[in-house]
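1. this is a predicted model, with the sequence first.
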Amino acid sequence: GLQYAHEQGFVHRDLKPANLLVGGELSSPVCRLADFGLARKYHASRVSGLTLLGDVGGTFQYMAPEQITDFRHAQPAADIYSAAATLYHLLTAKYAFDFAQQEVPARLKTILSGSPIPIRTRRPEIPLELAEIIHRGLCRKAAERFSSAAEFRQALSGLGGDSQ
């Protein structure tokens, strides 16, 4: 679904677990991407990302750095970051950054200049290859992430069963 949205020129801008709807049979579940409320055609968006009250468009725990600095021009790489942050949270029940007791300015600074907590620190049994894929998706620089949702999915699909 994310790749399709990107192919149509849309960036979701608020990908998170709450926007993933899982249904179908237990033996063959289906996941659908929901809530395109912040989605915009990334070639034609006129929104800045900051409201008059200083709020930011998106959800801090899953927000790519470029959504803070240039929300209007967010590209599909921002959604790749959010997908990696979502996967991190689904696997650990924790966020990639520790935002405990942080006010909004500190959260923004953490996203812009901090490094995600290594996922294997939180769950050592996660295979190294999977951890590397997730952390590549969480790279601060968009150019260092996967080039598309399809490439990210392919990396996840290609995981071996014996990785440590």
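-> Sure thing, it's come through. Numbering: from 1, shown residues only.
2. hmm, who's touching whichever strand or helix holds Arg153?
-> Element membership for Arg153 (DSSP states H and E) is helix 149-157. With contacts defined as CB atoms under 8 Å, 6 or more residues apart in numbering, helix 149-157 is touched by 2-3, 6, 76, 79-80, 83-84, 130, 133, 136-137, 145-146. The C-beta positions use only the backbone N, C-alpha and C, and glycine is treated the same way.
3. again, but for stretch 109-123
-> 60, 63-65, 68-69, 88, 91-92, 94, 96-99, 102, 126, 128, 131, 134-135, 138, 140.
4. one more time with 7 Å
-> Outside stretch 109-123, the residues that touch it by CB atoms under 7 Å, 6 or more residues apart in numbering are 60, 63, 65, 68, 88, 91-92, 94, 96-99, 102, 126, 131, 134-135, 138.
5. buried set for it?
-> 110-111, 114, 116, 119-120 (16 or more other CB atoms under 10 Å).
6. which of the helices and strands in the chain ranks last by mean pLDDT?
-> strand 40-41 (a mean of 51; mean pLDDT, DSSP states H and E).
7. low-confidence stretches in this structure?
-> Low-confidence segments of the chain (pLDDT under 70): 36-58, 160-164.
8. and the helices in this structure?
-> With DSSP state H, the ranges of helices along the chain come out as 2-7, 65-69, 76-92, 104-113, 119-122, 128-137, 149-157.
9. distance to Pro17 for the ones you listed - can I get that in a markdown table?
-> Converted to a markdown table, the helices of the chain look like this (distance: least, CB to CB, whole Å):
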| stretch | distance to Pro17 |
| --- | --- |
| helix 2-7 | 14 |
| helix 65-69 | 17 |
| helix 76-92 | 6 |
| helix 104-113 | 18 |
| helix 119-122 | 16 |
| helix 128-137 | 14 |
| helix 149-157 | 16 |
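10. just those helices: most buried one?
-> helix 76-92 (a mean of 23; mean count of other CB atoms under 10 Å).
11. extract the CA atoms of it and return them as PDB.
-> Extracted C-alpha coordinates of helix 76-92, given in PDB (Å, rounded to 0.1, in the frame of the first residue of the first chain):
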ATOM      1  CA  PRO A  76       8.700   9.000   0.200                       C
ATOM      2  CA  ALA A  77      11.900   8.500   2.300                       C
ATOM      3  CA  ALA A  78      10.100  10.100   5.200                       C
ATOM      4  CA  ASP A  79       7.600   7.300   5.100                       C
ATOM      5  CA  ILE A  80      10.400   4.700   4.900                       C
ATOM      6  CA  TYR A  81      11.700   6.200   8.200                       C
ATOM      7  CA  SER A  82       8.200   6.000   9.700                       C
ATOM      8  CA  ALA A  83       7.800   2.400   8.600                       C
ATOM      9  CA  ALA A  84      11.100   1.500  10.200                       C
ATOM     10  CA  ALA A  85      10.200   3.300  13.400                       C
ATOM     11  CA  THR A  86       6.800   1.500  13.400                       C
ATOM     12  CA  LEU A  87       8.500  -1.900  12.900                       C
ATOM     13  CA  TYR A  88      10.900  -1.000  15.700                       C
ATOM     14  CA  HIS A  89       8.000  -0.300  18.000                       C
ATOM     15  CA  LEU A  90       6.000  -3.400  17.000                       C
ATOM     16  CA  LEU A  91       9.000  -5.600  17.800                       C
ATOM     17  CA  THR A  92      10.000  -3.900  21.100                       C
END
